[in-house]
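J.: Structure of the sequence below:
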Amino acid sequence: MYISHVETLVLDAWVSASDVEALKELRGAECSFVDDLKIGGDNRAVLGSFWWCGERSGDSYEDTLIEQVCPLIHGRVEAIFYWEGGDFTTGLIVQDGVVTRCDVKKILVPKASR
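T.: Next up is the predicted model:
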């Protein structure tokens with residue numbers, strides 16, 4: 001199985017400069033936000049995206065993304081993962097390296113009448 005799309009709801013996070021090279025060495029998803037990490041003048045890499053999709057994304061979701069990458073993230077990320085073109089979804093909240101797995105529920109909320 002693979003992840004076809006990631007929808008990021010909250011992205012206010014960074015990784016320490018000392019962790020960036022180690023992250024780039026990991027064998028993760030074909031398309032990953034890790035590839036775009038650039039160290040700024042403050043010795044950290046601010047996450048500009050949080051994508052994890054394509055080949056190897058499903059196989060590396062648990063072992064690499066959740067167990068190795070997410071613990072190195074500082075700040076907060078909330079993301080929805082769409083698997084196999086949307087056949088099912090999973091959600092994650094990362095808060096200062098702690099991962100909370102989430103169910104994803106979609107609801108319709110009627111617009112307020114004018």
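J.: Going by C-alpha atoms from here, please, whenever you check contacts or count neighbours.
T.: OK.
J.: OK, contacts around the residue sitting nearest the centre point of the chain?
T.: Here the mean C-alpha position of the chain is nearest to the C-alpha of Phe50 (C-alpha atoms, centre = their mean), at a distance of 4.1 Å. Contact analysis of Phe50 by C-alpha atoms under 8 Å, 6 or more residues apart in numbering lists Val6, Thr8, Leu11, Ser32, Phe33, Ala79.
J.: Among those residues, which ones are in strands?
T.: When strands are assigned by DSSP state E, the members of the contacts of Phe50 inside them are Val6, Thr8, Leu11, Ser32, Ala79.
J.: OK, contacts around the nearest residue to the third one once chain neighbours are set aside?
T.: Think Leu11. Counting by C-alpha to C-alpha, 6 or more residues apart in numbering, Leu11 lies nearest to Val77, which is 4.7 Å off, once chain neighbours are set aside. Contact analysis of Val77 by C-alpha under 8 Å, 6+ apart lists Thr8, Leu9, Val10, Leu11, Asp12, Ala13, Leu92, Ile93, Val94, Gln95.
J.: Could I get the pLDDT score of Val77?
T.: According to the prediction, Val77 has pLDDT 98.
J.: any idea which helix or strand carries it?
T.: Element membership for Val77, per DSSP states H and E: strand 73-83.
J.: try Ser60
T.: Under the assignment given by DSSP H and E, the secondary-structure element containing Ser60 is helix 57-60.
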